[in-house]
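**Q** Got a sequence here, can you model it:
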Amino acid sequence: MKRLIWILSLIILIIAAVFFYQYSMRNNEEHNKKMFDVVMTEKMQDLYDQAQDWSKPLQFDIHDRRLHGDYKVLSEFLLQVWSNNIETRNTYLRTLKQNHWDQFLNVQRLEKDKANGFKESDQILENVHKAMDVYQKENEQNKKQALAKAATLQMSEDKKQALLEKLKNNQQVIKEDSLFANELQIIHKADDMLDMLKKYKWQVKDQQILFYEDAQVKKFNALYQSVLKQDAKIEEKKIQNAEAVTSDDDANSANVAQSETPKIEDNHK
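**A** Predicted coordinates for the structure are as follows:
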């Protein structure tokens, strides 16, 4: 009889221990998830703030002692991916600035360059096209490396598969919605505008470029208005990105990799 009571007591203790372990694991998982949200919100805001000053490299720590296990792995992976994307873009933006892209349509510069056969303008466009090609290739490489790295992460299979699915979905977002797509449109318009400046006669009056034929004026203004439209889209996208950072609804899908593009100076009509 005593032996039976001892066996029953042991079984009860084992069952209680199992339930206690499961309860502790659930609590631990909930705590880690909440801490993950807190850490990611703080880190994303810091990363976004730093990204706005593209004139200098990032100084950003992806690690945080408050996280453990899968959520630590996930957090560090996402923050590293975003840091790489931001640094790639900011390097590209610094290159644009170094090549005076923001001064390309400056009326005084164009008038001076006109007398020199538009050599400076041709060089600016050539350098900016190269910078865009490099950025596009490096951006694609970053995406491929992120997917490859995600597949090797040491974490639970369900979280890993969810991460891979989200990464793939994010990479399938329509390209026309990106800042870079708008920037490509701007440089194509700049190519067309320079072609017009080379082909037709024009003069500068009251800080404006004036062509001699109405058709030329309309075409040039249409190109310029298109540039302004693309600039407006870029501003709208930047606002959306900022709102994504301040929202904690989906911390691991927000886009913080977009920084402000050096604007082409707006001083002609």
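**Q** From here on, just use CA atoms for contacts and neighbour counts.
**A** Noted.
**Q** Name the next helix or strand downstream of the one helix or strand Met44 maps to, please.
**A** For Met44, the host element (DSSP states H and E) is helix 2-52. Remark: after helix 2-52, the chain's next helix or strand is helix 69-98, criterion DSSP H and E.
**Q** Can you give the distance from the helix or strand following that following helix to the centre of its chain?
**A** Remark: after helix 69-98, the chain's next helix or strand is helix 107-114, criterion DSSP H and E. Taking C-alpha atoms, centre = their mean, to the nearest Å, the mean C-alpha location of helix 107-114 is offset from the chain mean by 34 Å.
**Q** what's helix 107-114 packed up against?
**A** Where contact means 3 or more C-alpha pairs under 8 Å, 6 or more residues apart in numbering; DSSP states H and E, helix 107-114 is packed against helix 119-150, strand 202-205.
**Q** could you give the mean pLDDT of the helix holding Met44?
**A** Averaging pLDDT along helix 2-52 gives 67.
**Q** how near is Ala181 to Leu78?
**A** When distance is defined by C-alpha to C-alpha, to the nearest Å, Ala181 is 24 Å away from Leu78.
**Q** between these two, which one's more packed in?
**A** Neighbour count, other C-alpha atoms under 10 Å: between Ala181 and Leu78, Leu78 has more, with 20 against 14.
**Q** Can you tell me the closest non-neighbouring residue to Gln203?
**A** Leu210 (5.3 Å; C-alpha to C-alpha, 6 or more residues apart in numbering).
**Q** what's the distance between that neighbour and Tyr224?
**A** Relative to Tyr224, Leu210 is positioned 13 Å away (C-alpha to C-alpha).
**Q** between the two, which one's more packed in?
**A** The neighbour count for Leu210 versus Tyr224, taken as other C-alpha under 10 Å, is higher for Tyr224 (21 against 18).
**Q** So that one: helix, strand or coil?
**A** The three-state label given to Tyr224 by DSSP: H, G, I helix; E, B strand; the rest coil is helix.
**Q** ok, now how distant is it from Leu74?
**A** The spacing between Tyr224 and Leu74, counted by C-alpha to C-alpha, is 45 Å.
**Q** ditto for Glu120
**A** Glu120 is 47 Å from Leu74, where distance means C-alpha to C-alpha.
**Q** The two: who's more crowded?
**A** With neighbours defined as other C-alpha under 10 Å, Glu120 and Leu74 compare such that Leu74 has more, 22 against 18.
**Q** check contacts around that one.
**A** Neighbour list for Leu74: empty [criterion: C-alpha atoms under 8 Å, 6 or more residues apart in numbering].
**Q** Okay, buried residues for stretch 47-62 please.
**A** 47-48, 50-52, 54, 58, 62 (16 or more other C-alpha atoms under 10 Å).
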